[in-house]
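**Student:** coordinates only, sequence not included:
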């Protein structure tokens, strides 16, 4: 039996060398369905709620040249611009998910502000697979420039997704995360 399988492999190699088109016929098409990666990350913007900017936020924007909703140049007696649909960009949120083997996945998030220090974070991290799902809430009121945290979860082998949503309060404004989702293959 071993001689037959070796002979079959040898014949396949000889045919591939003699007939270059034969290898292309036997190969699967490259434009097929993309397999989910073992790790994925996505960065989404934080959008400011211009109505959340206080007098102190306006003062900080003027002092540091933060161009958010016109807070750096609009006199305190005039309303701030609010014509940007959804709000103006005030930072970013990054969500990453990595398979750790044995059905485990590491899920990490990080937010950064372009409008001053982060004062508070209220985030929901949802993750799910065929084995079930869970939502974890992260609340942090310690000031920082970059807030980050994460978790390791048992999701079982197969496809898994994670989604990050919530809000970040900076010294200038309250910003909401444009929901970010990633999908991986957990081993």
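**Tutor:** On my side now, so go ahead. Since this is a predicted model, take the numbers as computed values, not measurements.
**Student:** show me the contacts for the nearest residue to residue 169 once chain neighbours are set aside.
**Tutor:** Leaving aside its sequence neighbours, residue 169 sits nearest to residue 120 (C-beta to C-beta, 6 or more residues apart in numbering; 4.2 Å). C-beta here means a position set from N, CA and C on the backbone, and glycine is covered the same way. By C-beta atoms under 8 Å, 6 or more residues apart in numbering, the contact set of residue 120 is 139, 140, 141, 168, 169.
**Student:** just those residues: which are in strands?
**Tutor:** For the contacts of residue 120, membership in strands holds for 139, 140, 168, 169, with DSSP state E as the criterion.
**Student:** Throw the residues you listed into a markdown table and include neighbour count, thanks.
**Tutor:** As requested, the ones in strands among the contacts of residue 120 are exported to a markdown table (neighbours: other C-beta atoms under 10 Å):
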| residue | neighbour count |
| --- | --- |
| 139 | 9 |
| 140 | 17 |
| 168 | 27 |
| 169 | 16 |
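**Student:** returning to that earlier point: for the residue nearest to residue 169, helix, strand, or coil?
**Tutor:** Residue 120 falls in the strand class when you classify it by DSSP: H, G, I helix; E, B strand; the rest coil.
**Student:** now residue 61
**Tutor:** Residue 61 - assigned by three-state DSSP - is helix.
**Student:** rewinding a little: and the ones in strands among the contacts of residue 120, which is closest to residue 149?
**Tutor:** residue 140 (7.5 Å; C-beta to C-beta).
**Student:** what distance do you get for that closest one to residue 72?
**Tutor:** Using C-beta to C-beta, to the nearest Å, residue 140 is found at 27 Å from residue 72.
**Student:** repeat that for residue 168.
**Tutor:** According to C-beta to C-beta, residue 168 and residue 72 sit 20 Å apart.
**Student:** try residue 141
**Tutor:** Distance of residue 141 to residue 72, computed by C-beta to C-beta: 26 Å.
**Student:** neighbour count for these two, which is higher?
**Tutor:** The neighbour comparison of residue 141 against residue 72 (other C-beta atoms under 10 Å) goes to residue 72, with 16 against 10.
**Student:** so that one is in contact with residue 66, correct?
**Tutor:** Yes: judged on C-beta atoms under 8 Å, residue 72 makes contact with residue 66 at a distance of 5.6 Å.
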